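> No sequence on hand, only this structure:
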DNA sequence: TGCTTTCCGTAACGTACGTTACGATAACGA
DNA sequence: TCGTTATCGTAACGTACGTTACGGAAAGCA
């Protein structure tokens, strides 16, 4: 008995998911959420609970609707195919929608309010500077024969930066130094070599 | 003429840097900043400008004081040494201080206010679940001979996740799909293999 | 047709934020 | 010693946020 709900809960959750995907958890305000869902605040509270509960439901939906390639990948016959499927599917997902690029799981805490956009851009610019320096250094290495002719300096620079950023995310999640070094080691094992080369850590503390 | 400043601007900036490192840009409030620096709000405004200007100065200081291993690396003789120095130095920096793990440049937008801590933890947990699944899959692959005996499933899983997270950060910064695929390709370029294997993308859109 | 139950939307609540007036205080030059 | 100038701390400002009372409206049951 009682009055019926006038909005579609599933559609509202999908709309909220997109808002969180683009703006992150803290960056998404109820003004954003009500606008995107077309549902007034008290109705959102009634249907989903508070903001945190709404985000958690959006996150669960994200995993089952967008990260379905992970269980998919895990069933592939070889480990290499598993890794390849995950990495290429992620590349696709992160760039598929121009309105919300990247990953909800990362953006959820990586994005923020609109007022902080200039700061985010400044950080993006700063990272870009480092990446350009790295690429130019690898171009020189290629010219010097230190890297093979087939090496792609742009991709190598982006790769090193990606691993660095990934390690930063993991460090923030509490990963140990040993674990990060294992990641670095694995990343370096993919390093193209033209002639002789030896592996191992550089001088370090 | 006029009264002298009673606090050390450099020390205050260092203290602010640590706050931003731990809490991110938006997550750091003036209450946090005044407590860490021991300087009242109006004095911070007088010395550094507004919050954004303060953050930018902290970021510049971060690059010159903590990311000095990048220009250092760029001068090493081989490209591999460049990459190795950057990756191992990053692993060290990201875990050196227990009070502020990770990278200011990433945390600056990845961290947030204290109230959002449960949400960040939920995202960490969710990522950890995926990583465990991946590791278990790689352990199976090792048992099946699909991965060599020397392969380390834990490191491989962490590596694949690190690359995924790094690509997510790059996607949020506007990287193209082609670029992300180049990163993925590089990550896969020397996947450890027990027997025969071929490279290339999986089926995809 | 009434009664009950549920939902809708307006409007408000309390709180925290970034920012700034303003008067008191201290250091210099004349 | 006085006047000027810059910094100090208190206290307040306006705004935006997440959250919720509350009265009106619709749907089922008697």
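Right, received. Where do you want to start? Predicted model, so just to flag it, every value in this text is computed and none were measured. Numbers count the residues shown, from 1 in each chain, chains lettered A, B, ... in the order given.

> Relative to DNA strand D, how far out is residue A:157?
To DNA strand D, residue A:157 is 37 Å away according to CB to the nearest atom of the strand, to the nearest Å. Where C-beta positions appear, they are placed from N, C-alpha and C, glycine not excepted.

> should've said residue A:100
17 Å.

> In three-state terms, label that residue for me.
At residue A:100, secondary structure determined by DSSP: H, G, I helix; E, B strand; the rest coil is coil.

> Now for it, how many residues are close by?
By the criterion of other CB atoms under 10 Å in any protein chain shown, residue A:100 has 20 neighbours.

> What pLDDT is listed against it?
Residue A:100 carries a pLDDT value of 87.

> distance of it from residue A:85?
Residue A:100 sits at a distance of 22 Å from residue A:85 (criterion: CB to CB, to the nearest Å).

> and if you look at residue A:92?
Computed as CB to CB, the residue A:92 to residue A:85 distance reads 11 Å.

> The two: who's more crowded?
residue A:85 (21 against 17).

> Confirm for me that that one is in contact with residue A:73.
Yes - with contact defined as CB atoms under 8 Å, residue A:85 counts as touching residue A:73 (3.9 Å).

> Enumerate the residues of chain A near DNA strand D.
Residues of chain A found near DNA strand D (CB under 7 Å from any atom of the strand) are A:1-4, A:26, A:28-31, A:41-42, A:45, A:50-52, A:113.

> Which pLDDT does the model give the residue at the greatest distance from the centre of chain A?
The centre of chain A is farthest from one residue, residue A:1, which by CA atoms, centre = their mean lies 44.9 Å away. Predicted confidence (pLDDT) for residue A:1: 71.

> And residue A:114, by the same measure?
pLDDT, residue A:114: 63.

> can you pull the contacts of residue A:72?
Contacts for residue A:72 (CB atoms under 8 Å, 6 or more residues apart in numbering or on different chains) come out as A:85, A:89.

> how many other residues sit next to the residue of chain A found nearest DNA strand C?
In chain A, the residue that lies nearest DNA strand C is residue A:2 (2.2 Å; CB to the nearest atom of the strand). The number of residues packed near residue A:2 is 4, by other CB under 10 Å.

> where does it fall, helix, sheet strand or coil?
coil.

> quick one: low-confidence parts of chain A?
Along chain A, the parts satisfying pLDDT under 70 run over A:107-119, A:121-123, A:194-205.

> For chain A, which segments count as helices?
A:9-23, A:30-37, A:41-48, A:51-65, A:69-74, A:79-96, A:104-110, A:117-143, A:153-172, A:177-189 (DSSP state H).

> Make CSV out of those and add distance to DNA strand C.
Formatted as CSV, the helices of chain A follow (distance: least, CB to the nearest atom of the strand, whole Å):
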stretch, distance to DNA strand C
helix A:9-23, 9
helix A:30-37, 8
helix A:41-48, 4
helix A:51-65, 12
helix A:69-74, 33
helix A:79-96, 29
helix A:104-110, 17
helix A:117-143, 11
helix A:153-172, 20
helix A:177-189, 30
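
> Generate JSON lines for those, with distance to residue B:186 as supplementary columns.
Putting those into JSON lines (distance: least, CB to CB, whole Å) gives the following:
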{"stretch": "helix A:9-23", "distance to residue B:186": "26"}
{"stretch": "helix A:30-37", "distance to residue B:186": "37"}
{"stretch": "helix A:41-48", "distance to residue B:186": "41"}
{"stretch": "helix A:51-65", "distance to residue B:186": "27"}
{"stretch": "helix A:69-74", "distance to residue B:186": "19"}
{"stretch": "helix A:79-96", "distance to residue B:186": "10"}
{"stretch": "helix A:104-110", "distance to residue B:186": "20"}
{"stretch": "helix A:117-143", "distance to residue B:186": "12"}
{"stretch": "helix A:153-172", "distance to residue B:186": "4"}
{"stretch": "helix A:177-189", "distance to residue B:186": "9"}
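
> And those helices: which comes nearest residue B:12?
Closest to residue B:12 of those, according to CB to CB: helix A:117-143, at 19.5 Å.

> helices and strands around that closest one, which ones?
helix A:153-172, helix B:51-65, helix B:69-74, helix B:79-96, helix B:104-110 (3 or more CB pairs under 8 Å, 6 or more residues apart in numbering or on different chains; DSSP states H and E).

> Can you tell me which of the ones you listed is nearest to residue A:147?
For residue A:147, the closest of the helices and strands packed on helix A:117-143 is helix B:79-96, at 5.1 Å, according to CB to CB.

> Kindly calculate the angle that that closest one makes with helix A:153-172.
If you take axes from the mean of the first three to the mean of the last three CA atoms, to 10 degrees, helix B:79-96 sits at 20 degrees to helix A:153-172.
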